[in-house]
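[1] I would like to see how this sequence folds:
(3 chains)
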Amino acid sequence: MTMLRVRDMTVRFGGIVALDGVSLDLNRGEILGMIGPNGAGKTTLFNCISGVIRPDHGSVLFETNDLTYAPPHRRAQLGIARTFQNLQLWGSMTVQENLMVPMDALGRRNTFSDALYLPFSAYAERASSERARAILHVLDLGRYARTLAGDLPAGIQRRVEIARALAMRPKLLLLDEPAAGLDAQETAHLAELLHAVRERFHVSMLLVDHDMSLVMRVCDFVYVLDFGKLLARGRPAAIRNDPKVVAAYLGEESKKLTGDVMTVAAARKEEPPLLEVDRLAAGYGGLEVIRDVTLSVRPGEVVACIGANGAGKTTTLRAISGMIHPRAGHVVFAGRDVTGSPAERITKLGLVHIPEGRGLFPTISVEDTLRLVSNSAGHEVDIAPAFQLFPRLRERRRQLVGTLSGGEQQMVALARAILSEPRLVMIDEMSQGLAPTVVRQLFEIVRVFREQGIAVLLVEQFVESALDVADRAYVFEHGTIALSGPAVELRSDRTLVTGSYLGTAADASAIAAANGNGHHIDPALMEVMSVRVPAKVKRALEQRAENEGRPAGAVVVELLGKVDDQ
Amino acid sequence: MGAFAAYTIIGLGLGGIFSLAALGIVLIYRTTGVLNFAHGAMGMFSTFVAWQVFYGWSHPFWPTWLATLLAVLAGLIFAAVMGLFLEFAVFRWVRTREPVVKAVITIGVLLALQSAASLIWKNNQYHLPIYLAPQQATFQLAGVPIGANYIVIVIMALGLAFGLGAFLRYTSFGRSMRAVSDSPTSASLWGVPVNKVSAVSWMLGSLVAALAGILITPFINFDTTSLTLLIIDALAAALIGGLVSLPLTVLGGFLLGLLETYPTIWIQSLGFPRLVALLVIIAVLIMRNPRGFAVASK
Amino acid sequence: MTSRLMFRVLAALVAFTVLARIPVGFDVGFKFDSALAVIWAFGLLSLVLLTGYVGQISLCQATFAGVGAYATGLMVAGFHTDYLVAVGVGVAAAFTLGVIVGIPALRLRGITLAIVTLGIALVFDRYVFQDHAFEWFTGGTAGWRVDRATMFGLQMDSSKHLMSAYIVLLALFCVVALLMVNLHDSGAGRRLRAIRDSELSAATMGVNLTRYKLLAFGMSAAIAGLGGSFYPLVAGSVSPQPFWLFTSLQFAAIAVLMGVRYVPAAALGGVFMAVVPDVLTRFGHGTFMGHAYEISYDWFQIAVGVLLIVQLIALPDGVWGDLRARVRHARSAAGAIGGRKVKVA
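    Reported below is the predicted structural model:
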């Protein structure tokens, strides 16, 4: 039966429509997943359901209650609990106290009797402590009961968040990116944990995350959002193969550039690397997002960083350019160790970073923005070449940057990059939110960089475009680099890359293995493979699986492992 | 009608002071993230320095205009130095902390400055003002005599607002300041020297506060506390501008000046204008924080 | 649990017995300062609750104390009630104002809340406490004069019964401090602290923000008001000056300096605020190398300001908090947790 019913949810922020008439049903006992590319509206929808945001239109019905405008604590009283992506634990209290707060808040406790330690309060305290300890025990957190929540490592804090939500005895648990900052192993544990929680506590769950391996393993049903609208919904296996979904995440074939693919500029291969990153680790607040990241960029090269959202690509760029401080590892640029140096200094050395969101100034005009380059260069820089490269900007030179379209803003950012005559430009999600034609134009600019001998480190969610213009690529997964190699190779064998976005065959094999049937080959797995793998290879695999008496999935995993090693 | 016009001019004059003070606050806040509760106290101290030069140290044979000039210069130079000192000694080290912490630090500055002033100049009430225009000069406006000093204030306030605006708009350093105030992180990515910009902001802010203090001396009981307390009116004006827009801040200052002056036609009370300021603050804040839990206040 | 409670009660009793004896044998001035120290300590205690436990910043605590003082003065000098009844009225008045001030606080946080409370302090300081429109409340420019008061049926004359006033104040302070420390560890205290650590998750975990924030403001104001209510008895009259804006700012500064989360810090701060200036006046002058010098109250306040700045830059948790943290981390390092140790909040 339907526990949660969301109808026609619409939210507008200023001029942007974050959510456009999205409807959602969650049944009792179900684990529902919500996925979608960056900016698709998942978090907005999630926030509407949990009461953090009020929608402009639409309704939220929980069992028989209309919760559309109810304050958060009212939803808690009705049995909706939630966790937070950035871990909103109460750091100054112990783990046990953290659990007791929601328990008490929903019981009947009186402030004055508490202060005076009246017998009723003492009794209630003991009852709460015991219940809290019981929950901690189930989640294997018993030994942390008396530790301050703020002193725990991130993986443990995640579990405490979940334990705290369970302390409310909720009917519905909302999980906001629970896998954020976790590595592959921790994510697998999390998946097991969520299943166990459902069994032991009889809670239904709604899960939002970028991590496809988690979503595929854990969810019964998946909703996919894109640009604020519902794109697709269905069982995880079906979703993974839905061409619309694949296109939304990986980019369409049509985004391919015209013209020949350029090969590596062989001439500069012998030069020492311009940028060397060695075992970099960094994160925000309590979360460590990247660990053990090692990459390099040679002069004049174009290198792409691809991988699912939340994999750590943006954080890596930020740690390199000085926007955030690395926690471990080294960054060496043009022979100088710039680990932890302030961003201003690194920029002056010739490393330009165009961040996500473009890093522009909304109230400054195009012209003035370009003139800013002179400020940091220390001498007057002629801005005319920028207008030659981007004639569109010449018409808009006096317009404030904040009023330009996304594509035009990106042009301004790129123009500035060119004018400052850098040695390396790092571009983060150049194509985000832009129409395909504009994207095509912008990627042409990357060629201009190459012609001028400027190296480029490109972070892109859209694999096709990135691989078309790059010499080499690194594939990010779970905060570290899972795969790397020449773009040519990665382009020809799509399974390697697709897997990191939409769940690997290893996940599918885990599902298959869980199905218990040794020789029966999971149809979903074969579906994936048949699209990408020649029939001959498929049959060979089946044969081998038969011979060895193992599930085909296990054979695939082994083979993929061998590819990695190479 | 004549009374009304007179009150309007007075209100505009008062509003000019508020605008000046508020401009300094917004400038500092935008570029450094510090909401300077000590702004009034800083202005007060610089004004006292000017006062000291004018009444305490100038030679009796010097013409008034010379003494005034020297006094004002002394006050402004002191203000600039004080602003720089605060940036280098204090606020540089707390750039990454949250705004509340930085604001509480300014409370410490306020207390220190206040007591230092009290120590040096005692708690007397002075009424020995610094006139920028000849004391007796008046203009006739709609049959009402207006003191020249009021006109001076209004002109100064407008002039400074325009001057600051032009500086920000047309000069290279002004561009850097605008970049930092839009987004300090992006600015550092562009190689803009954020430290230098902060230092200049503090200097300018302090200068503007000093100017406001000097200009208001003819119109108030001049002691070590009353100027400090103007902070609440300056904050109200700054909030009308959303702590963001300089033109709106100036407008807000003049508006507040009028709002505080008109009621005195009916209500003779020294403290009532402060109530007006508070109500304005509350009204503005509530209007800007309409819906939703997630809308964060500054 | 109960053993901890007993320990606290014991500690409170010991503290009371020790502190009660201190002013004996000193002159009237020192007794006055001791009583004042406790009154100010109430103000600091109110900040420990509001800012330390619940995380709401407030720059108008002295205003609440002032309201308590004036209401009490009104009751005694205007209506000739028993002093304790008057104190009750004073506390109630302060509580009410606290709840009213709490209403904007529901929507505002951090700096904007600070600005609003600053405005309130200023308005009361310059307008309500001084304007003749409020004379019915303030007793005019001279304020209420309380020469005779009855408490428990006994006559209390301010100058002769300073010691008794001090004892009563001290006893009340110990009781309230004890209640606060208990509150900290109780269920309600946890909910308040949850609001401080993360308002967002407190709300989603079922804590009724409106109720608890208003309660916090009200209780905090009541505590400050309780201290203020004894001011007329101790000083013999009420005037606006002790409750002006700068006192509120000093409360904030000293509370943060000492450690705004800890009750003992409030006690320490009270002593700091009342006794040190007295010591300075008595002993802070003389000659040094042939020059006469005088360390006045102003120097003290400069020191407070500078210390606050230095401390916020270097020691965010205050003197007491820093000590406590060092002790706790030394203990927990012994059983440290491995893996990636990260900090939240």
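[2] tell me the buried residues in the helix or strand hosting B:Val72?
    Using DSSP states H and E, B:Val72 sits in helix B:64-89. Buried positions in helix B:64-89, judged by neighbour count with 16 or more other CB atoms under 10 Å in any protein chain shown: B:67-68, B:70-72, B:74-76, B:78-80, B:82-83, B:86-87. Quick note: C-beta positions are derived from backbone N, CA and C, even for glycine.
[3] now do the phi/psi pair for residue 155.
    Since you didn't name a chain, this refers to chain A. phi -60, psi -40 (degrees, to the nearest 10).
[4] do you know how far it is from A:Val475?
    23 Å (CB to CB, to the nearest Å).
[5] what do you get for A:Arg240?
    Counting by CB to CB, the gap from A:Arg240 to A:Val475 is 18 Å.
[6] before we move on, back to that, from the buried residues of helix B:64-89, pick the one nearest A:Thr315.
    B:Glu87 (31.2 Å; CB to CB).
[7] which ones are touching B:His127?
    Taking CB atoms under 8 Å, 6 or more residues apart in numbering or on different chains as the criterion, B:His127 is in contact with B:Asn221, B:Phe222.
[8] over to A:Ala232?
    A:Ala232 touches A:Tyr223, A:Val224, A:Ile239, A:Asp242, A:Lys244, A:Val245, counting by CB under 8 Å, 6+ apart.
[9] do the same with A:Gly310
    So A:Gly310 contacts A:Glu177, A:Ala179, A:Ala180, A:Asp209, A:His210, A:Asp211 (CB under 8 Å, 6+ apart).
[10] neighbours of the second one, just the number please.
    Pointing back at A:Ala179 there. When neighbours are defined as other CB atoms under 10 Å in any protein chain shown, A:Ala179 has 26 of them.
[11] ok, back up a step: so which of the contacts of A:Ala232 comes closest to A:Glu186?
    Nearest to A:Glu186 among the contacts of A:Ala232, with distances taken as CB to CB, is A:Ile239, at 23.8 Å.
[12] now the residue nearest to the closest one when sequence neighbours are not counted, what are its backbone angles?
    Leaving aside its sequence neighbours, A:Ile239 sits nearest to A:Val222 (CB to CB, 6 or more residues apart in numbering or on different chains; 4.8 Å). Main-chain dihedrals, A:Val222, degrees, to the nearest 10: phi -130, psi 140.
[13] contacting residues for A:Val222?
    Here A:Val222 is in contact with A:Leu32, A:Gly33, A:Met34, A:Ile35, A:Val215, A:Arg233, A:Gly234, A:Arg235, A:Pro236, A:Ile239 (CB under 8 Å, 6+ apart).
[14] from those residues, keep the buried residues only.
    A:Leu32, A:Gly33, A:Met34, A:Ile35, A:Val215, A:Arg233, A:Pro236, A:Ile239.
[15] take those and keep only those in helices.
    Members of these lying in helices (criterion: DSSP state H): A:Val215, A:Pro236, A:Ile239.
[16] now, which of the contacts of A:Gly310 sits nearest chain B?
    Closest approach between the contacts of A:Gly310 and chain B, by CB to the nearest CB: A:Glu177, at 16.1 Å.
[17] burial check on the nearest residue to that closest one once chain neighbours are set aside, number of neighbours?
    Distance criterion CB to CB, 6+ apart; nearest residue to A:Glu177, sequence neighbours excluded, is A:Gln85 at 3.9 Å. Neighbour count of A:Gln85, defined by other CB under 10 Å: 19.
[18] brilliant, that's me finished.
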